[in-house]
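Student: Here's my sequence, what's the structure:
(3 chains)
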Amino acid sequence: MFSQHFIILIFTLTYLSCLSNVNGQRLKELMYENIDGAFACFRRLNGTHQFGCTSARSGNVGVIHIIESQSDVDWLVKDSLAPPYVAVVHPSMFTKSLLLSLQSSGKVNGVAVINNGSAERPESFSHEDSCPNRYSGLSLRQGQTCGVQEQKVWNPSGTSILLMDWNFPIFYVTEQSHINRLYDCHQTHNVVPHPADQLDRSLCALELRSHMYASVNSKKCIQRNSYKTLFSQMSFCDPLGGKNVWQTLFPRSTLKESSVKSDKQVESNGSIAVLAARLDANSMFDGLVPSSVGAVTSIVTLIATAELLHKMIPPSESYENNVLFLLLSGESYDYIGSSRIVYDMKHGVFPVIPDPSVAQPPPIGLHHIGPFIELSQLNKPPLGHPLHIHRLNASSETDKLISYLKRNGQYWDIQFKDLPPSKNLPPASLQTFLAEKPDIPGIIVTEHAMQYSNQFYHSVLDDINNIKFKYSNGSRVADDSIQLYLRNLTNTLAHTLYEHVTGKPYVGAAIADLSLMDELLYCYLEQSNCTLFQSAGNTISPAKPLSYYVGVKHVPGLVPVLSGSVLALLTGTQTSFNETHCHNNVSTDQVYQYIWANSKWNDSASPKVCLQTTMNFSDAVSPAFVIEGYNMTSGQYSTWTESVWPELTAKLFVKPSFRHELMTLSLGVTVLVLSFAGVLFIKVRKEILFSPG
Amino acid sequence: MDLSKVKDDRKLEICRLYYKGGFAFLPFLWAVNFVWFYRDAFQRPAFEEQKQIKRYVIFSGIGALIWSIALTTWIVIFQKYRVDWGTVGDELTFLIPSGSL
Amino acid sequence: MTLCEFFGCAFIGFGPAIAMLTLTIAQDPVLVIIVFGSGFFWLLSSLVSSGLWLLIGLTSMAHTIHLVLSVTLSVLCQEGFRYLLYLTMKMFNNGLNNMFDSNVVNWKMMSYAAGVGFGVMSGVFSVVNVLADAVGPATVGLKTGSDKFLLASASLAFCFVLLHVFWSVIFFHAVDTANFAKISWVIVTHLLASTLTLLNTSGHYSAVVIPNYVIVLLTAGIAFRAAGGTLNSLKSSFSPRIVVRCHESRSLEQNRKIARERLLTLLDNHINGEDSVEAQIKRETKRVSDIISEMKRERREKIRKLKESVANAKKTSNDSQENS
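Tutor: Presented below is the predicted three-dimensional model:
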């Protein structure tokens, strides 16, 4: 007995010495690795269909298979034996034909696109329709023109992946560490000489969770939103929408005599020129919608032009004509913002619903609109190439506008080429206005001619690299830079609009600030917590590029708010109100807005002042969701909605092989049966086994 | 309660109560009544209250049967045609399945 | 881990416990109460040891030493509570048996039930975390460890359920007989087995599981001895058995008599076979009845012949009358 104890003691000591790598970590952390910060494709719906991706309620699980060449695809589709799989692909392989073959194979439960940014960019990468907004705008009045007969399509690289209904989730992984983990895990667990070998081993797998509540179409899910059950009201989808930003060069007069503040506030009979640009873009993945060419270049040019025009026209001067700056939201989704403005103008409630008790600007109607310039898909064209001007009809007014532009452009080395008037206009907000009132003298200024030169239209790759922007941060800006080009375009536009307002060419010396253009591009493309945005009173945005997805109507996106406050900061006039007064003014005065911002745009430490501005916001919610009993299948207005989802997560883990599972289960059942047999045996023979006593 | 120890007059009372209770859209009560008193109604030698109990048991059984047929039919029809009914189908649904029709 | 693995591991860990509970415990209310009571005592012990663990955590010591120390203390706590359980059961032994006028429950059975309660509770606490974390599509093996981890955990739970049963049986017997060697065997093997489990996360599964099974086997042997088993009884339990049941009479004495007679007959049959009393009687009876039936047959034959001859005689006499 004693020797036995001694042996045990030695045993114990040996094992205690081995305990060096003991740890008390929770098992779950050892089993799963969350792929944080992955971007997911989600479901969007219109009046008739559903688009995008969804997973099963509890997520889709699939064995990782990395696709780097066509042979990998063939292996997956034909030879693989351990479905379901999750295909991990590079952007260059992420094509419609690949997705279709994966979907039809029935073996694929999900797709993860990996791109660490440094890899080679594919030739083209656009998941939008080849004719964006194919069924809205002018096509409502005159039928489709894009891609019909001889006409070329606007977006030749468009694959329409975005406008299809995929029955598996698609995620986009950008973080290098996660991509490395995917590769390592695949290499250690999944790489086998023969497909059958995968059956015998535990395999590295991904769980993609992006379950979408909405289904069928917007009509169905909006209806379902309104059902209340005994316990809860569930939300299935939300209409897309946000805020439009608008600003007039001069304040427009009020209807209320008592609040007349200056002689400028008398309603004029002059025409209102419009300078418009879109605020939003699109991509497949939630939270990752960069849009350099798609939106940013136009936005910054518009803001800089507004700033320059305010500098060019001294406060003492007053004119009949006015300029309306419009930044429109939701234009990627059948022109939500512009169609709402046109709808409001028709009903006399733009920019605000008339209310005699408050100081208000008078309504603007479609008939007020004079020249209309829309900036769209701007970029620095190759050396010696012009910008292109598109228009629906030739008219004396558009001719005049074009001649102003061409003349002013000469000074700033900007060339314009006016294309022959055509019904086949590029996708633009102007189409919505023209559809309602075809004689508006409108032009669209684009970099491309009859086809987009941007190969990454509405995709995650329309990012900062797409316009080769380099932040100068106060130092000298290069001569061939995008900043300089857009600065020159700003000068051209401002001088043209000046001529419209005053009726004479500009002779002053004011020109657009190159450092402002540099800062604007930096803020919109790289860091949304930049000095300019902070000076404009914004403290909430994180240090990463903005996402230009329009969002849903009750959660206004960041982009309109930031753009509006920057416009206000750059063009507002200082007042002597203190902070409380500044905020209180909002309720009593609708002619002006008051914002509390820094006195200098390039110094977020400068003293704060109350700025008076004509900048304001208007709802960019499709009339389809305003009109009572609107027929969602009529196609007249945008009916886009976004599904509600509970979570978008991706997890990496090792999935046990079927044989391993079966073995465990059968082992368990065997143990159970043997236990019963053993206990029964002992029970029956206990008198013999254990002598009484 | 141990039914075998209950006196016959009390049994009749209980049986009647369950029979009446079933009219309050409680078919399950009828089914229970039928099962509980089946032996008393049909298999025991005759006793004073047996005739009445038998009547209640038979009616309870028929009621439960009709209810179960009706419910089964409705459930089958509802599951099969809910999607086809569109809006009406949704309005009749208590928990709308997420992400599908 | 998937549902398959979940049930597999659960069955491995708790197969013996389920079998013991359903086959030996569930029928007897006293044993059920003891199982619950001992489970409660195990929980109390873990409450106390968790308090100690917190206290140790206040001091600054190396993580490893901290863990080992708390495991040791926890084992000592459990054994302390096993002793308390012993005292409590001794106190209430008679009361329990009187309460349920059931036939007297064996003290050994009670010590066994106490062990089952301890075992089930500690088994549940050792793997329930693992099983809960593991309900999902994954198995262990992404970062460290391998897919054997869950199997190893389940096997350990299996060991501990059995060990606790054995330990309780040994412990109760040892306290009854004041056998300190056996008590220290229980404590030392408990310490050893518990510290071994600490290695489970490091991936040396065979180094954990195999020694544990050795401990289980050794302890099982000692427990068997403590419960009154011998090598002989083990052997004889595998030999064929003769079972006699008798409920003919309401008197125990009478039943015993009848049973003894039956047993005698069965034994006689078993040992003597063809020559047993019963077989002989059967043979004799059969022989006699054969003879009788043979005789009967012969007699029937005679009567038939007689009848035939009589009929023939009548016929010939009739013929002769017509002729004449």
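Student: Select the longest helix from chain B.
Tutor: Assignment by DSSP state H gives helix B:50-85 as the longest helix of chain B.
Student: Quick one: mean pLDDT for it?
Tutor: Mean per-residue pLDDT for helix B:50-85: 94.
Student: Which strands and helices lie in contact with it?
Tutor: helix B:8-21, helix B:27-38, helix B:87-92 (3 or more CB pairs under 8 Å, 6 or more residues apart in numbering or on different chains; DSSP states H and E). The way it works is simple: take the backbone N, C-alpha and C, and place the C-beta from them, glycine included.
Student: who are the neighbours in contact with residue 79?
Tutor: Defaulting to chain A. When contacts are counted by CB atoms under 8 Å, 6 or more residues apart in numbering or on different chains, residue A:79 is found next to residue A:195.
Student: You answered for a different chain; I wanted chain C.
Tutor: C:171, C:186-187, C:190.
Student: Likewise for residue C:227?
Tutor: Here residue C:227 is in contact with A:689-690, C:108, C:112, C:169, C:173 (CB under 8 Å, 6+ apart).
Student: Could you pick out the residues of chain A near chain B for me?
Tutor: Within reach of chain B by CB under 8 Å from any CB of the partner chain, chain A has these residues: A:43, A:54, A:57, A:211-216, A:220, A:223-224, A:227, A:229-230, A:234, A:236, A:643.
Student: Show me these that map onto strands.
Tutor: residue A:643 (DSSP state E).
Student: how much does the longest helix of chain B deviate in direction from helix B:27-38?
Tutor: Here the directions of helix B:50-85 and helix B:27-38 differ by 150 degrees (axes from the mean of the first three to the mean of the last three CA atoms, to 10 degrees).
Student: what bits of the chain have low per-residue confidence?
Tutor: By default, I'm working from chain A. A:1-26, A:229-232, A:253-269, A:585-588, A:691-693 (pLDDT under 70).
Student: my bad, chain C
Tutor: Scanning chain C for pLDDT under 70 picks out C:1, C:96-105, C:144-145, C:200-203, C:241-250, C:319-324.
Student: Please parse it into its domains.
Tutor: Split into domains by automatic domain parsing, chain C comes to C:2-237, C:252-323.
Student: Deepest-packed of the ones you listed, please.
Tutor: Per-stretch averages of neighbours, counted by mean count of other CB atoms under 10 Å in any protein chain shown, single out domain C:2-237 among the domains of chain C, with a mean of 19.
Student: tell me how far the ends of that one are from each other?
Tutor: 41 Å (CA to CA, to the nearest Å).
Student: what about the lengthiest helix in chain A and chain C, any contact?
Tutor: Criterion DSSP H: the longest helix present in chain A is helix A:658-684. Yes - for helix A:658-684 and chain C, the contact criterion (CB under 8 Å from any CB) is met by A:660-669, A:671-672, A:674-676, A:678-680, A:683.
Student: and residue B:39, how many neighbours does it have?
Tutor: Using other CB atoms under 10 Å in any protein chain shown, the number of residues around residue B:39 comes to 12.
Student: Same check on residue A:387?
Tutor: Count around residue A:387 with other CB under 10 Å applied: 24.
Student: OK, contacts around it?
Tutor: A:378, A:381, A:414-417, A:445-447, A:489.
Student: Residue B:64 versus the residue nearest the centre of chain B, what's the distance?
Tutor: Closest to where the C-alpha atoms of chain B average out (CA atoms, centre = their mean) is residue B:27, at 2.6 Å. Distance from residue B:27 to residue B:64, counting by CB to CB, to the nearest Å: 5 Å.
Student: Check the offset of stretch A:530-544 from the chain's centre.
Tutor: How far stretch A:530-544 lies from its chain's middle: 19 Å, per CA atoms, centre = their mean, to the nearest Å.
Student: start to end distance for that stretch?
Tutor: End-to-end for stretch A:530-544, by CA to CA: 10 Å.
Student: and if you look at stretch C:174-188?
Tutor: First residue to last in stretch C:174-188 (CA to CA) measures 14 Å.
Student: can you check stretch A:237-252 too?
Tutor: One end of stretch A:237-252 to the other measures 38 Å (CA to CA).
Student: Spell out the residue ranges of the helices in the stretch 151-300 of chain C.
Tutor: C:180-197, C:205-226, C:231-238, C:252-272, C:277-323 (DSSP state H, counting those that start in this stretch).
Student: Make TSV out of these and add distance to residue B:51.
Tutor: As requested, the helices of the stretch 151-300 of chain C are exported to TSV (distance: least, CB to CB, whole Å):
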stretch	distance to residue B:51
helix C:180-197	70
helix C:205-226	65
helix C:231-238	61
helix C:252-272	48
helix C:277-323	58
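Student: For the residue in the stretch 51-200 of chain A positioned nearest to chain B, grab the count of nearby residues.
Tutor: Going by CB to the nearest CB, chain B is nearest to residue A:54 of the stretch 51-200 of chain A, at 5.5 Å. For residue A:54, the neighbour count with other CB under 10 Å is 27.
Student: tell me the contacts of the nearest residue in space to it that is not next to it in sequence?
Tutor: Of all residues not flanking residue A:54 in the chain, residue A:212 sits nearest, at 3.9 Å (CB to CB, 6 or more residues apart in numbering or on different chains). Counting by CB under 8 Å, 6+ apart, residue A:212 touches A:42-43, A:52-54, A:643-645, B:98-99.
Student: and if we set it to 10 Å?
Tutor: Counting by CB atoms under 10 Å, 6 or more residues apart in numbering or on different chains, residue A:212 touches A:41-45, A:50, A:52-55, A:57, A:169, A:221, A:236-237, A:642-646, B:98-100.
Student: How much space separates it from residue A:106?
Tutor: To residue A:106, residue A:212 is 21 Å away according to CB to CB.
Student: same thing with residue A:78?
Tutor: 12 Å.
Student: same question, residue C:9
Tutor: Taking CB to CB, one finds residue C:9 at 32 Å from residue A:106.
Student: likewise residue A:627?
Tutor: Taking CB to CB, one finds residue A:627 at 43 Å from residue A:106.
Student: ok, how many other residues are close to the residue in chain A that chain B sits nearest to?
Tutor: In chain A, the residue that lies nearest chain B is residue A:213 (4.2 Å; CB to the nearest CB). For residue A:213, the count of nearby residues is 23 (other CB under 10 Å).
Student: Does it touch residue B:99 like I think?
Tutor: Yes - counting by CB atoms under 10 Å, residue B:99 is a contact partner of residue A:213 at 5.9 Å.
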